[in-house]
Structures are given as structure tokens and as C-alpha cells.
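K.L.:
I would like the atomic coordinates for the input below:
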Amino acid sequence: MSFIPRWEGIAEFVCVVEAGSFTAASKRLAISTAQVSRQVNSLEQRLGTQLLHRTTRKVTVTEQGKRYYQSCRQLLDGFESAENSLQELQTVPKGKIRLTAPITFGERLLMPLINDFQQQYPQLSFEVELTNARLDIVDAGFDLAIRLGRLQDSRLRARKLASRQVYTCASKKYVEQFGQPHSLSELKHHNCLLGSVDHWRFNDQGSEKQVKVAGSLRCNSGVSLLDAAQKHGGIVQLPAEYVSQGLSEGSLVEVLQSYRPQAEGIWGLYPDSRWTSPKVALLLDYFEEHLS
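P.N.:
A predicted model of the protein is given here:
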């Protein structure tokens with residue numbers, strides 16, 4: 001063999017890029033920050049190029065560092081695939097699963113499932129980041145992301161786990177006081193409680209139609225919009241996990257039922273470049289069974 005690779009510093013460098021700092025990388029690798037810094041410095045000296053820009057406030061990746069990171073990430077993925085192929089032979093799944101999901105959906109539906117799943121497989125550990133931001137799961141090193149609605153990132157493999165319904169509704173008192181719309185055009189005469197967008201989706205005789213709405217409140221929190229609707233503030237359009245209890249108890253009334261939008265997908269996304277480990281596949285099976 002004419003070329004013998006040297007691996008010192010590669011894992012540390014990749015971890016610094018993905019974690020965003022030497023301190024965060026040291027915590028993830030369970031070694032000292034000084035050791036991480038020494039390994040990366042040694043790697044840069046051996047390569048004869050600067051991979052990272054360092055300041056007292058942050059670490060950024062150079063252009064050479066970005067190209068080198070992509071190659072190193074593939075190499076480490078290969079090692080992970082080799083180890084996971086051995087773990088597949090084991091009957092008990094073990095190791096860590098890192099995943100991200102939207103906040104409210106994660107709190108109300110996903111985390112209870114994860115906690116139940118972990119009871120069945122106590123040798124698994126989880127690192128979960130609940131955020132409404134669309135994180136780049138490849139760069140961040142996540143094994144899995146749960147996404148809702150339409151998918152955008154073609155670099156990721158997607159598996160549909162279930163569907164969820166979106167409802168347009170208001171409190172009984174609001175309907176009694178202001179009436180309810182019977183056509184989409186009548187929404188302009190009502191106070192609509194808005195989230196992050198000012199268009200609502202509807203199904204009009206089999207075709208999707210978007211209607212621009214307006215009102216006295218705009219908030220990116222579904223919980224807050226639900227509270228406003230239950231306090232008779234106006235009409236709201238929210239997914240089932242927010243409004244199903246109010247609809248079943250009668251405190252909320254569905255409006256424009258004949259225009260109810262098509263159900264949207266609940267998806268499990270994972271990097272296309274990585275081998276799907278048995279533990280992640282098992283978790284996806286569990287989600288699909290219980291979310292549906």
C-alpha cells in the first residue's frame with residue numbers, strides 16, 4: 001500500500017464544524033477543549049492549509065475547510081456504516097439517536113412516543129432538539145428530522161409516517177356573535193388569527209386554493225393562537241393536535257367544513273449519504289405505527 005492515511009484530528013475537525021465551536025465539540029467528544037484544539041492545529045500543520053478561522057467570539061470554516069469537511073464527513077459516514085452493519089447483527093439496539101422536530105408537535109406527540117420507545121429499548125439514548133427552524137441536518141449531524149407539510153430539501157431521503165388534518169374553527173361564542181362564513185369569500189368579513197403566513201389553504205372541489213386573510217393578531221405560536229380563538233377573538237386555522245380537544249368538547253366549532261384542506265404529511269427525513277442504521281429504522285417503524 002503506497003499511501004497510509006493518518007486520521008489524527010479528522011474527527012475533532014468535523015465535530016468542530018458541526019458543533020460550531022471547540023467547546024461544544026469537546027463536550028460532544030468527551031475530551032478537553034485543549035485536546036480538540038491541539039488535534040485540529042496538528043491537522044492544519046500536516047495539511048499545510050488553514051481549515052478554520054478562529055476569533056474570540058466564533059469559529060468559521062475556510063473555503064478549503066468546507067471542501068475538506070465534505071470529504072471527511074463521507075469517510076466518517078463510512079466508518080459509521082461499517083459499525084452499524086455489525087450492530088445490525090445484535091438483537092438489542094443501542095447507541096445514540098440525534099433528531100430534531102417542530103416544537104409543539106414534538107412536545108405534544110413525538111416526545112411521549114420517544115419516551116415510550118426508550119422504555120422498550122433502555123440501551124438507546126436520545127439527543128432531541130425541538131425547534132421550528134429548518135435546520136440543515138447534514139451539517140448539524142442529526143440522524144433524523146421530523147418535518148410537517150410540503151418537503152423542500154431534495155438532498156434528504158424521506159419516509160412518510162402519517163398525515164395530519166388542518167381545521168378552520170372558532171369558538172361557539174364567536175360564531176353566535178358574528179356568524180360563520182359559508183364561502184371562502186366571506187372570510188374577509190371576519191377577524192382571522194394569523195400565524196407566520198397570511199394565506200390559508202383550502203380544498204375547493206378537489207383543487208387546492210389559497211385565500212389571503214387578515215385580522216387583529218399575528219403570532220408564530222399555535223398555542224397562543226388557540227388561546228385567542230378560545231377567548232372568542234376570531235377564526236383560526238390550526239392542525240389537529242391543537243384543536244382536536246376543543247372540537248370534541250364543543251368549545252370550538254369547525255367552519256368551512258366543506259372546504260377542509262387536504263391532510264398534510266408527517267415525514268421522517270434523514271441524510272441521503274448515510275446508511276440508515278437499524279436503530280433509526282426501528283424508530284421510524286415505531287413512529288409510523290403510533291402516529292397513524
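K.L.:
Could I get the buried residue list for the helix or strand where residue 160 lies?
P.N.:
Secondary structure assigned from DSSP states H and E places residue 160 in strand 156-164. Under the neighbour-count criterion of 16 or more other Cβ atoms under 10 Å, strand 156-164 has 156, 158, 161-162, 164 buried. C-beta: built from backbone N, CA, C; applies to glycine.
K.L.:
can you check stretch 141-153 too?
P.N.:
Neighbour-count burial for stretch 141-153 flags 141-147 (criterion: 16+ other Cβ under 10 Å).
K.L.:
Those residues into a markdown table, with extra columns for distance to residue 271 and pLDDT?
P.N.:
Compiled in a markdown table, the buried residues of stretch 141-153 are given as follows (distance: Cβ to Cβ, whole Å; pLDDT from 0 to 100):
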| residue | distance to residue 271 | pLDDT |
| --- | --- | --- |
| 141 | 9 | 81 |
| 142 | 8 | 87 |
| 143 | 8 | 88 |
| 144 | 9 | 90 |
| 145 | 9 | 91 |
| 146 | 14 | 93 |
| 147 | 14 | 91 |
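K.L.:
Filter those down to the ones in strands?
P.N.:
Among these, the members falling in strands (DSSP state E) are 144-147.
K.L.:
What helix or strand is the residue nearest to residue 208 when sequence neighbours are not counted located in?
P.N.:
Across the structure, with Cβ to Cβ, 6 or more residues apart in numbering as the measure, the residue nearest residue 208 apart from its sequence neighbours is residue 201 (6.1 Å). In the assignment (DSSP H and E), residue 201 maps to strand 199-204.
K.L.:
now residue 114
P.N.:
helix 111-120.
K.L.:
Just the buried positions in the helix or strand following that helix, please.
P.N.:
Sequence-wise, the next helix or strand beyond helix 111-120 is strand 124-130, with elements assigned using DSSP H and E. By neighbour count on 16+ other Cβ under 10 Å, the buried set for strand 124-130 is 124, 128-130.
K.L.:
Can you tell me which of the residues you listed is closest to residue 41?
P.N.:
For these, the residue nearest residue 41 by Cβ to Cβ is residue 129; the value is 29.5 Å.
K.L.:
Where does the prediction get shaky in the stretch 51-200 of the chain?
P.N.:
Applying pLDDT under 70 to the stretch 51-200 of the chain flags the ranges 81-91, 153-155.
K.L.:
mind redoing it with 80?
P.N.:
Low-confidence segments of the stretch 51-200 of the chain (pLDDT under 80): 56-57, 78-93, 136-139, 150-156.
K.L.:
any chance you could map the strands in it?
P.N.:
Assigned by DSSP state E, counting those that start in this stretch, the stretch 51-200 of the chain shows strands spanning 52-54, 59-61, 95-101, 124-130, 144-148, 156-164, 166-171, 192-194, 199-204.
K.L.:
How about residues contacting the fourth one?
P.N.:
Strand 124-130 is touched from outside by 93-103, 106-107, 111, 114, 117-118, 135, 142, 279, with contacts defined as Cβ atoms under 8 Å, 6 or more residues apart in numbering.
K.L.:
can we see that at 6 Å?
P.N.:
With contact meaning Cβ atoms under 6 Å, 6 or more residues apart in numbering, strand 124-130 is reached by 93, 96-101, 103, 106, 114, 118.
K.L.:
Between strand 95-101 and the top helix by length along the chain, find me the angle.
P.N.:
If each helix of the chain is counted by residues according to DSSP state H, the longest one is helix 63-87. An angle of 120 degrees separates the directions of helix 63-87 and strand 95-101 when computed by axes from the mean of the first three to the mean of the last three Cα atoms, to 10 degrees.
K.L.:
Helix 63-87 packs against which elements?
P.N.:
If you count contacts as 3 or more Cβ pairs under 6 Å, 6 or more residues apart in numbering; DSSP states H and E, helix 63-87 packs onto helix 10-19.
K.L.:
if we go to 8 Å?
P.N.:
Counting by 3 or more Cβ pairs under 8 Å, 6 or more residues apart in numbering; DSSP states H and E, the packing neighbours recorded for helix 63-87 are helix 10-19, helix 278-291.
K.L.:
tell me the domain ranges of the chain?
P.N.:
By the record's domain assignment, the chain is partitioned as 10-87, 96-163+265-291, 166-262 (automatic domain parsing).
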